[in-house]
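A.B. asks: could you work out the structure for the sequence below:
(2 chains)
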Amino acid sequence: TQLLEQSPQFLSIQEGENLTVYCNSSSVFSSLQWYRQEPGEGPVLLVTVVTGGEVKKLKRLTFQFGDARKDSSLHITAAQPGDTGLYLCAGVEVYRDDKIIFGKGTRLHILP
Amino acid sequence: DAGVIQSPRHEVTEMGQEVTLRCKPISGHNSLFWYRQTMMRGLELLIYFNNNVPIDDSGMPEDRFSAKMPNASFSTLKIQPSEPRDSAVYFCASSIAGGPVRNEQFFGPGTRLTVL
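C.D. replies: The predicted model follows:
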C-alpha cells in the first residue's frame, strides 16, 4: 500500500502552459516536502510545508498543504523546459520526525 | 562544499556475487539514509542511522541486505548474494536531525546497480 499517492504519474505539456500535480494520503503528516529529481541525479529539496493550509511560492512554483495536512499540491505557472523532471512529495509521519515517506512521483516533461 | 559522495556510480555484477555500496555523508550531518529507487516501486527507504546507530531497518528487503556505519563519515550497504531483482539505483542521503530546516535530506548522486 502506497502511503502517498501522486497524480498524475506522467504529464507532458507545452512550454507556457500551467499545470498542477497532486499528492494525497489518508494519513496526517507533521510536514510535507517536495523534491525535484533530474536524470542521473538524486532528489533536491524544493520546499517544506508544515502548517495546514500553508502556501509557499518559489518563483513560478506554488505549493499548498491541505488544511487537514493529508494532501498537497504543486502548481507551476508558465512551465518552461527547465521544469522537466521527476517531482516527488515526501511526508514526515507524526511522531516519526526522523523518517520520511516518499510518493512515486510525477514525471513532468515540458515541450519547447 | 562537498555534498554526499557515493561510490561506485555504476556497478554491474553477476547473480550471486557480493556487492558493496559506499557513502560519505556531509560533514556535520548526524542522520544517514539508504534508499532504493525503481520504476515500479519508486523511492523506498531501506535503513537509516542516527549518530551512527541503526534506528529503523524495516525497509531492508531481506537478510541478503546489510548496512553499517562504523563512523560519522562512512557507511556501507552490502548485498550478499545479489540477485537480478536487486537491480536499481541506490541513494544515500544525510541530514541534520532536528536542524533549522527539519528533515531536509541531501542526496548523493546514486549508484546504479545492475545484476545480471
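
A.B. asks: C-alpha only now, for contacts and for neighbours.
C.D. replies: Noted.

A.B. asks: for the chain, name the helix or strand with the lowest mean pLDDT.
C.D. replies: The chain I'm using is chain A. Least confident helix or strand of chain A, by mean pLDDT, DSSP states H and E, is strand A:100-102 with a mean of 84.

A.B. asks: other chain: chain B
C.D. replies: Scanning chain B with mean pLDDT, DSSP H and E, the lowest is strand B:53-56, at a mean of 88.

A.B. asks: that one - contacts with which helices or strands?
C.D. replies: strand B:42-50 (3 or more C-alpha pairs under 8 Å, 6 or more residues apart in numbering or on different chains; DSSP states H and E).

A.B. asks: so how far is the strand it packs on off the chain centroid?
C.D. replies: Distance, stretch centre to chain centre, for strand B:42-50: 7 Å (C-alpha atoms, centre = their mean, to the nearest Å).

A.B. asks: wait, does that strand contact chain A?
C.D. replies: Yes. Residues of strand B:42-50 are located near chain A by C-alpha under 8 Å from any C-alpha of the partner chain, namely B:42-45.

A.B. asks: contact partners for B:Ser7?
C.D. replies: When contacts are counted by C-alpha atoms under 8 Å, 6 or more residues apart in numbering or on different chains, B:Ser7 is found next to B:21-23, B:111.

A.B. asks: chain A next: which of these are close?
C.D. replies: Among the contacts of B:Ser7, none lies close to chain A by the criterion of C-alpha under 8 Å from any C-alpha.

A.B. asks: which of these lies closest to chain A?
C.D. replies: B:Thr111 (9.4 Å; C-alpha to the nearest C-alpha).
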